[in-house]
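*Asks:* Below: sequence and its predicted model.
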Amino acid sequence: MTILDKFQPLQGAYDAVRAAGQDPFTVCFDAVLSPSEATLKGRRVILLGTNNYLGLTFDGECIESAVEALRQGGTGTTGSRIANGTYDDHAVLERRLAEFYGCRSAMLFSTGYQANLGILSTIAGRGDHILIDADSHASIYDGCRLGQAEVIRFRHNDPDDLARRLNRLKGAPGNRLIVVEGIYSMLGDTAPLAEIAAVKREWGAHLLVDEAHSLGVLGRNGRGLVEQAGVEADVDFIVGTFSKSLGAVGGFCVSDLPDFDVLRIACRPYMFTASLPPSVIASVTRALARIQEEPGLRARLTGNAERFYRGLRAEGFVLGPQAGPIVSIRMPSTEVAIAFWNALLEAGVYLNLALPPATPDNAPLLRSSVSAAHSEAQIGAALAAITAIGRELGVVAAPASRAEPLRPQGDGPRRASMAAAPIPVAPAAVAETTL
Amino acid sequence: MIRTSDIVDVIVGMVTALPQAPREVDAGTNIARDLGLDSLAVMNFVMQLEDRFDVSIPMDRLAGIQTIGDLAVAIADLKGR
Ligand SMILES: Cc1ncc(COP(=O)(O)O)c(C=O)c1O
């Protein structure tokens, strides 16, 4: 008996995955060459699973800013925001974020995970009620667990179910906080935000939107799904991360509530961890400017995403319900998913293997994220490799044996096939360690 | 007011319909262990019960629930509020 015995079932599942080829959880690149390419065991691979939506990790201006800040401000702050870890640059980035969103205040966190942990556990207290989408990210579940509010899940992207649950709370004291994501990280679908905002208004709740995957990606000015859906006035808190479209690390929350800044001395995951180093603050500040100056980045991303999504759909792959920068292919079984993932890596394409229970409706997925930095040739090569392996493994039929003729399809039944599962979907990466 | 035993009967009926249900299902059946459900599957099963009884079971309540009997008591309690 050791303290780690409880992990034996998890270890068993992990061993089974590893026995089938490369270990998907310890892929170690020799070198990352660009936002879209790396070398792995001496061979070049296309990066198609890195959430690097705008390709800014190697942006010349961001790198220059970071290098300069590194020389001027040193390698780290060695302290938390409420002690010695607030430099003028932190304050400037907070002001820029607040301006970008047209809000009074912004707070930086050391990661997006910590932003959710801090905000959710602090703003909703004992006697309050948090209503979260069932497919919420692990950081949202964990933020709820750290706090004292009552937490209720509603069915994924189902405003009616949300309204039913608010109705059941009728008469109970306490605030209501609704939590949704702009783009859901497993299937890439967006929240029906206009409808959710309407429910929020009807029930006098507060609304928090996690734009981790949609900042810089959606909206005319890159302000995410909140901007795209035109509900900026209804959203009380926006949480986001610097680790995806902005190409660095860190998280934030913005809000227009007048007393928001009191959280700086109430929110433990903000107060009791070191602040972001100057170099990161500098590259993020530059990247935030880049996404405003260069809408072309977003246009390129959208073009690449649509081409990739349509290409896969035309081959008969079962995809998430919406074209977007996250494109997930549903696999018929865990065994096939593992074999497919290994064969793709062998063919020079890296993407993410997502296995139940971390995936909606318990289906194994090959999850890819498209970038503005992908060239047409890279998207083409990835499509060709996925199609060839898909046919070899029998995930899709070869053209000759396909019943329907190969033509672009409208937004027909296949579009909703993954969302139409009879059982409510299971949350992505939620409460437990995910394999 | 619904009686806890009536709630147990409904849950047993729903569980018996699951493909992996054991032969004997009663108030003492452990939901995760005896039904082979991981914690997410449990949460999704609970969502169906929530619809059936028109209640929401907060997640912290779920943490203390092991058996069908525990679940029925929680639902009866929430209905009685
Ligand atoms: C929806 C969502 N929220 C928060 C995070 C956490 O972001 P970070 O990587 O900055 O911790 C992620 C990233 O995986 C995410 O997908």
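*Replies:* Structure's in. What do you need? Numbering: from 1, shown residues only, chains lettered A, B, ... in the order given.

*Asks:* which element is the residue nearest to A:R155 when sequence neighbours are not counted on?
*Replies:* Leaving aside its chain neighbours, A:R155 sits nearest to A:D161 (4.1 Å; criterion: C-beta to C-beta, 6 or more residues apart in numbering or on different chains). Any C-beta I mention is one placed from the backbone N, CA and C, and that applies to glycine too. Per DSSP states H and E, A:D161 falls inside helix A:159-168.

*Asks:* Now that helix: average pLDDT?
*Replies:* Helix A:159-168 carries an average pLDDT of 97.

*Asks:* Just the buried positions in it, please.
*Replies:* A:159, A:161-166 (16 or more other C-beta atoms under 10 Å in any protein chain shown).

*Asks:* got it, and stretch A:80-90?
*Replies:* A:80-81, A:85-87, A:89-90.

*Asks:* next one: stretch A:30-44
*Replies:* A:32, A:35-38, A:40.

*Asks:* Tell me which two of the residues you listed sit farthest apart.
*Replies:* A:P35 and A:L40 (15.7 Å; C-beta to C-beta).

*Asks:* Return the alpha-carbon coordinates of the helix or strand of chain B with the lowest mean pLDDT using PDB.
*Replies:* Least confident helix or strand, chain B: helix B:31-35 with a mean of 86, by mean pLDDT, DSSP states H and E. The C-alpha coordinates for helix B:31-35 follow below in PDB (Å, rounded to 0.1, in the frame of the first residue of the first chain):
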ATOM      1  CA  ILE B  31     -23.400   4.600  -8.200                       C
ATOM      2  CA  ALA B  32     -19.800   4.900  -9.400                       C
ATOM      3  CA  ARG B  33     -18.400   1.500  -8.400                       C
ATOM      4  CA  ASP B  34     -21.300  -0.800  -9.000                       C
ATOM      5  CA  LEU B  35     -22.500   0.900 -12.200                       C
END
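
*Asks:* Show me which positions of it end up buried.
*Replies:* Those would be B:31, B:34-35, for helix B:31-35 by 16+ other C-beta under 10 Å.

*Asks:* Stretch A:309-326 too?
*Replies:* Result for stretch A:309-326 [16+ other C-beta under 10 Å]: buried residues A:309, A:311-313, A:315-326.

*Asks:* surely A:A372 meets A:R300?
*Replies:* Yes: between A:A372 and A:R300 there is a contact under C-beta atoms under 8 Å: 4.1 Å.

*Asks:* neighbour count winner among those two?
*Replies:* A:A372 (26 against 18; other C-beta atoms under 10 Å in any protein chain shown).

*Asks:* Any idea how far the lengthiest helix in chain B is from the middle of the chain?
*Replies:* Ordering each helix of chain B by length in residues (DSSP state H) puts helix B:39-53 first. Distance, stretch centre to chain centre, for helix B:39-53: 8 Å (C-alpha atoms, centre = their mean, to the nearest Å).

*Asks:* just to revisit the earlier point, and of the buried residues of stretch A:309-326, the nearest to A:T2?
*Replies:* Looking across the buried residues of stretch A:309-326 and measuring by C-beta to C-beta, the closest to A:T2 is A:I326, at 39.0 Å.

*Asks:* what secondary structure does the spatially closest residue to that closest one that is not a sequence neighbour sit in?
*Replies:* Using C-beta to C-beta, 6+ apart and skipping the chain neighbours, the partner closest in space to A:I326 is A:G188 (3.0 Å). Assigned by DSSP: H, G, I helix; E, B strand; the rest coil, the conformation of A:G188 is coil.

*Asks:* Number of residues surrounding A:G188?
*Replies:* Neighbour number of A:G188 under other C-beta under 10 Å is 24.

*Asks:* all helices for chain B, in order.
*Replies:* Under DSSP H, chain B gives helices at B:4-16, B:31-35, B:39-53, B:59-63, B:68-80.

*Asks:* Could I get the full set of strands for the stretch 251-400 of chain A?
*Replies:* For the stretch 251-400 of chain A, applying DSSP state E, counting those that start in this stretch gives strands covering A:251-255, A:326-330, A:349-350, A:352-354, A:365-369.

*Asks:* other SSEs contacting whatever helix or strand A:G143 lives in?
*Replies:* Assigned by DSSP H and E, A:G143 falls within helix A:138-146. In terms of contacts (3 or more C-beta pairs under 8 Å, 6 or more residues apart in numbering or on different chains; DSSP states H and E), helix A:138-146 is packed against helix A:112-123, strand A:129-133.
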